[in-house]
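Asks: Coordinates for the following, if possible.
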Amino acid sequence: MHTNELPKHGKIVRIEEECQDVESFFISSKMEALPGQFILAWIPGMDAKPFCISSCDGSRFSVTVCKVGPFSEKIFEKKIGDTFSYFGPYGTSFSIPENQHLATVGGGYGAAALAWVAKEAKEKGCSVDFIVGARKKESILFAKKVKAAGMNVIITTDDGSAGLKGRTTDALADLIKNSRPDVVMTVGPEMMMYYVAKMCQEQNIPCEISMERYMKCGFGVCGQCCVDDLGIRMCKEGPVISGDLALQIKEFGKYHRDRQGRKVMYG
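Replies: Numbers count the residues shown, from 1 in each chain. Below you'll find the predicted structure:
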C-alpha cells in the first residue's frame with residue numbers, strides 16, 4: 001500500500017479564528033505539500049473529508065475549516081494538544097511563476113488556499129494582486145494577513161460593507177483593463193471560477209483553477225470525482241487544472257454530482 005493511503009496523525013498546536021465560523025487548525029506533522037493540494041481529514045468512526053492545505057513548512061501544516069455540518073462541527077470541538085488524523089497530501093498544485101504579475105481571485109473560504117499561493121509567489125519575486133470576495137465585511141478571509149505581508153489586496157462584498165460593492169469578477173475585469181496580470185489563479189464558488197476562466201481565455205491570460213468535486217478515496221480509485229465527459233479525476237489530475245482544460249469539461253459551471261452520483265445543477 002502506498003504510504004499516502006495510510007492514516008497519519010499530528011498534534012494541534014494552534015487554532016486561529018479567521019472570521020465567524022471559520023478557523024485555521026495548525027498541526028505539527030511532517031509533510032511535503034504544495035499550494036493547491038489537499039488532505040482528507042479523518043475522524044475515526046465518522047468519515048474522512050477533503051480540506052485544502054492553507055499553509056505548510058515541512059514540519060507543520062494548517063487547514064482552514066468552515067463550520068457547515070456535523071463533520072466540521074466535530075473538528076471545531078478539537079482543542080490544542082488534541083490529535084488530528086488525516087490522509088495525504090493529494091492532488092495537483094498551482095504552478096507559481098517567478099518574477100511575474102500574479103492575480104489571485106478568491107471567493108468565500110477559497111481565499112485560504114490562495115493566501116498560501118500569494119505568499120509563495122511573493123517569495124519568488126512576483127507582484128501580487130489578491131482579490132477576495134465575500135457576502136459581507138465580517139466574512140472576508142485572509143485579507144489582513146496578505147496585506148500585512150506586503151501584497152495589494154482588493155476586497156469586494158455583495159452588500160458593499162467593505163471594499164468594492166460587487167463581484168470578484170468585476171474587480172478582475174478592472175485589473176485586467178488597468179494593470180494586466182501575467183497569470184491568474186482562482187479558488188472559490190464554481191460559477192465565479194467559470195467566469196474567471198472565460199474572462200482569462202478571452203484575454204489570452206494563463207489561468208489555473210481549483211475544481212472541487214465530491215471525493216471518497218482521494219487517490220484515484222473510486223472514480224467518484226470523475227467529471228463529464230473527459231473522465232479525469234479531480235483528486236489525481238486535479239484539483240488544480242488550467243482554465244482552458246476546465247472549460248473543456250462539460251459539467252463545469254453547470255452541475256456537479258452529490259454523494260450518490262446524482263446531478264446537482266448550479267443556479
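Asks: Quick check: the closest residue to Cys222 other than its chain neighbours vs Phe87, distance?
Replies: Distance criterion C-beta to C-beta, 6 or more residues apart in numbering; nearest residue to Cys222, sequence neighbours excluded, is Lys216 at 4.5 Å. For glycine as for every other residue, the C-beta is placed from the backbone atoms N, C-alpha and C. Per C-beta to C-beta, to the nearest Å, Lys216 is found 11 Å from Phe87.
Asks: Tell me which of the two has more neighbours.
Replies: A count of neighbours by other C-beta atoms under 10 Å puts Phe87 above the other of Lys216 and Phe87, at 20 against 15.
Asks: just checking, the more buried one touches Pro7?
Replies: Yes - using C-beta atoms under 8 Å, Phe87 is in contact with Pro7, at 5.9 Å.
Asks: what touches both of the two?
Replies: Counting by C-beta atoms under 8 Å, 6 or more residues apart in numbering, the contacts common to Phe87 and Pro7 are Trp42.
Asks: Please enumerate the helices of the stretch 151-267 of the chain.
Replies: Ranges of helices within the stretch 151-267 of the chain are 168-178, 190-203, 243-246, based on DSSP state H, counting those that start in this stretch.
Asks: of all these, which lies closest to Val184?
Replies: With respect to Val184, and counting by C-beta to C-beta, the nearest of the helices of the stretch 151-267 of the chain is helix 190-203 at 5.2 Å.
Asks: How far away from the center of its chain is the closest one?
Replies: Relative to its parent chain, helix 190-203 has a centroid offset of 16 Å by C-alpha atoms, centre = their mean, to the nearest Å.
Asks: just checking, what packs against it?
Replies: strand 101-107, helix 168-178, strand 183-187, strand 207-210, helix 243-246 (3 or more C-beta pairs under 8 Å, 6 or more residues apart in numbering; DSSP states H and E).
Asks: Can you give me the buried ones in that helix?
Replies: Residues 190-201 are the ones in helix 190-203 that count as buried (16 or more other C-beta atoms under 10 Å).
Asks: from those, which is closest to Gln224?
Replies: Glu190 (16.9 Å).
Asks: Who are the contact partners of the closest one?
Replies: Counting by C-beta under 8 Å, 6+ apart, Glu190 touches 211-212, 252-253, 256, 266.
Asks: Quick one: buried ones out of these?
Replies: Neighbour-count burial (16+ other C-beta under 10 Å) is assigned, among these, to 211-212, 252-253, 256.
Asks: How much space separates the residue nearest to Cys222 from Val227?
Replies: Using C-beta to C-beta, one gets 15 Å for the distance from Lys216 to Val227.
Asks: can you check Ala118 too?
Replies: Ala118 sits 27 Å away from Val227, going by C-beta to C-beta.
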